[in-house]
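1. Sharing a sequence plus its predicted fold:
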Amino acid sequence: MYIRDNWYVAAWSSELAADVPLGRRILDEPIVMFRTAGGAVAIEDRCLHRGMPLSLGGRIENDGIQCPYHGMEFDGSGACRKIPGQEHIPAGARLRSFPLAERDGTLWIWPGDPDAADPAAIPAYPQHAADGYAFRKTMLTVHCNWEFLNDNLLDLTHLGYVHARTIGGDPDTHSTAVMNSEKTDRSVRVMRHLPASEPPPSYRLCCDFAGKVDRWQEIDWTPGLVRINNGGTDAGTGAYAGNRVGGVQFYGFHGITPETAESTHYFFSHARNFRVDDHALTEKLFSTTMITIEEDRVVLEAQAARRGETADRPLINMATDGPAIQARRIVRELIAHDR
Ligand code: FES
Ligand SMILES: [Fe+2]
């Protein structure tokens, strides 16, 4: 079950070349994206003649795509514009098209009712567009339902266990962190404070701290995107009053796009607002972060496999599950609303 009326990350802009189509399954629909003079477009990845996937070698020419099998051509709206060997193009010879918008180096797709798509609702992400930030990004496919990623990112108490080597820290500090959350009709925001805690390895990589640090984690969840601001400054210097000078601040972009009910496209970037010209640091932080992403992938896939084979067995909640439960509730409400 999916929320269809929603913007999802379809691709990083850099994945879509000027003259090569990109095929991707999104919400269980095979979709092909390509570039036209008017911008990037997304249509069904299925030739109207015999169903050949257009992304498998389709030629991009004159703002359209040519089927690699017998040469039928489609424009960016999905309309068939040429059938080799005949003049007549039947009325209604058209593939489905999907609203696609490019923002801050990211292609966003709206799989639902096209009339309801409002590009103004696409979440802004200046960390990918503005000066003053350094970032690196990647994309992977994780074999679990997309809601497992929501759970994972909304409950960072797993850091002390799963990510002890990188961004972790003491498990008890995480589990007892001061946590506040706010819910709207399509978002959950979680603020976690970890005062006077041990700076984790990835923080120490960037900065010489005097001793303990006041750490924070601010998580903004909305269907399809989780943004996490986290960082730490020397303990007692006012981080929780908004005085975040020195120390480290990181910004995580987690685009979560269902591929199928059992697999998820995960678009991830890691940005920071200090030492932005230090490319060696960018690489080092990215490779460290990729260890954590891989640690999460192993957990998520193992969990999904076991949940699949024990679907009728009970599970219990913990006190720290509140935000993830709120997100699940919002997902159910939005799916019901879509219908
Ligand atoms: S399958 Fe595309 S033209 Fe025949
Ligand atoms: Fe994690």
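-> Happy to help now that I have it. Ligands and ions are numbered 1, 2, ... in the order given.
2. Flag every residue of the chain that's near ligand 1.
-> By CB under 6 Å from any ligand atom, the residues of the chain that approach ligand 1 are Cys47, His49, Arg50, Met52, Cys67, Tyr69, His70, Gly71, Met72. Using the backbone N, CA and C atoms, a C-beta is placed for each residue, glycine as well.
3. quick one: buried residues of stretch 272-285?
-> Burial within stretch 272-285, assessed by neighbour count using 16 or more other CB atoms under 10 Å, is assigned to Arg272, Asn273, Phe274, Leu281, Thr282, Leu285.
4. right, I mislabeled it, should have said stretch 306-317
-> Per 16+ other CB under 10 Å, stretch 306-317 contains no buried residues.
5. Need the distance between the two termini of that stretch.
-> Taking CA to CA, to the nearest Å, the first and last residues of stretch 306-317 lie 17 Å apart.
6. Strands along the stretch 201-339 of the chain, start to end?
-> Counting by DSSP state E, counting those that start in this stretch, the stretch 201-339 of the chain has these strands, from start to end: 213-222, 225-234, 248-260, 263-272.
7. And the last one, what does it pack against?
-> For strand 263-272, the packing partners by 3 or more CB pairs under 8 Å, 6 or more residues apart in numbering; DSSP states H and E come out as strand 8-12, strand 134-142, helix 146-154, strand 248-260, helix 279-309.
8. can you check the longest one too?
-> Counting contacts by 3+ CB pairs under 8 Å, 6+ apart, strand 248-260 is packed against strand 8-12, strand 22-26, strand 134-142, helix 146-154, strand 225-234, strand 263-272.
9. Kindly recompute the last result at 6 Å.
-> Of the remaining helices and strands, those touching strand 248-260 by 3 or more CB pairs under 6 Å, 6 or more residues apart in numbering; DSSP states H and E are strand 8-12, helix 146-154, strand 225-234, strand 263-272.
10. who's in contact with the nearest residue to Val188 once chain neighbours are set aside?
-> Computed as CB to CB, 6 or more residues apart in numbering, the closest residue to Val188 that is not its neighbour in sequence is Trp221, at 4.5 Å. Shown here is Trp221, whose contacts under the criterion CB atoms under 6 Å, 6 or more residues apart in numbering are Leu154, Val188, Ala327.
11. Take the residues you listed and write them to a markdown table, including pLDDT and neighbour count.
-> Conversion of these to a markdown table gives the following (pLDDT from 0 to 100; neighbours: other CB atoms under 10 Å):
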| residue | pLDDT | neighbour count |
| --- | --- | --- |
| Leu154 | 95 | 23 |
| Val188 | 97 | 24 |
| Ala327 | 97 | 26 |
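12. Can you name the residues bridging to the residue nearest to the spatial centre of the chain?
-> The geometric centre of the chain, computed from its C-alpha atoms, lies nearest to Gly255 (CA atoms, centre = their mean), at 0.6 Å. When assigned by DSSP bridges, Gly255 has beta-bridge partners Leu225, Phe267.
13. Please tell me how far the nearest residue in space to Thr282 that is not next to it in sequence sits from ligand 1.
-> Of all residues beyond its chain neighbours, the one nearest Thr282 is Ala134 (5.1 Å), with distances taken as CB to CB, 6+ apart. Using CB to the nearest ligand atom, to the nearest Å, we find Ala134 at a distance of 44 Å from ligand 1.
14. hey, what's Ala134 bridged with?
-> Assessed by DSSP bridges, Ala134 has beta-bridge partners Arg272.
15. Tell me where the model's unsure across the stretch 151-300 of the chain.
-> Within the stretch 151-300 of the chain, the set of residues satisfying pLDDT under 70 comprises 168-170, 174.
16. run the last query once more with 80
-> Confidence mapping of the stretch 151-300 of the chain against pLDDT under 80 gives the ranges 165-177.
17. where does the nearest residue to Ala17 once chain neighbours are set aside fall, phi/psi-wise?
-> By the measure of CB to CB, 6+ apart, the closest residue to Ala17 outside its immediate chain neighbours is Arg35, 7.7 Å from it. Note on Arg35: backbone dihedrals following degrees, to the nearest 10 are phi -100, psi 140.
18. Show me what Arg35 is bridged to.
-> When bridges are assigned using DSSP bridges, the partners listed for Arg35 are Ala40.
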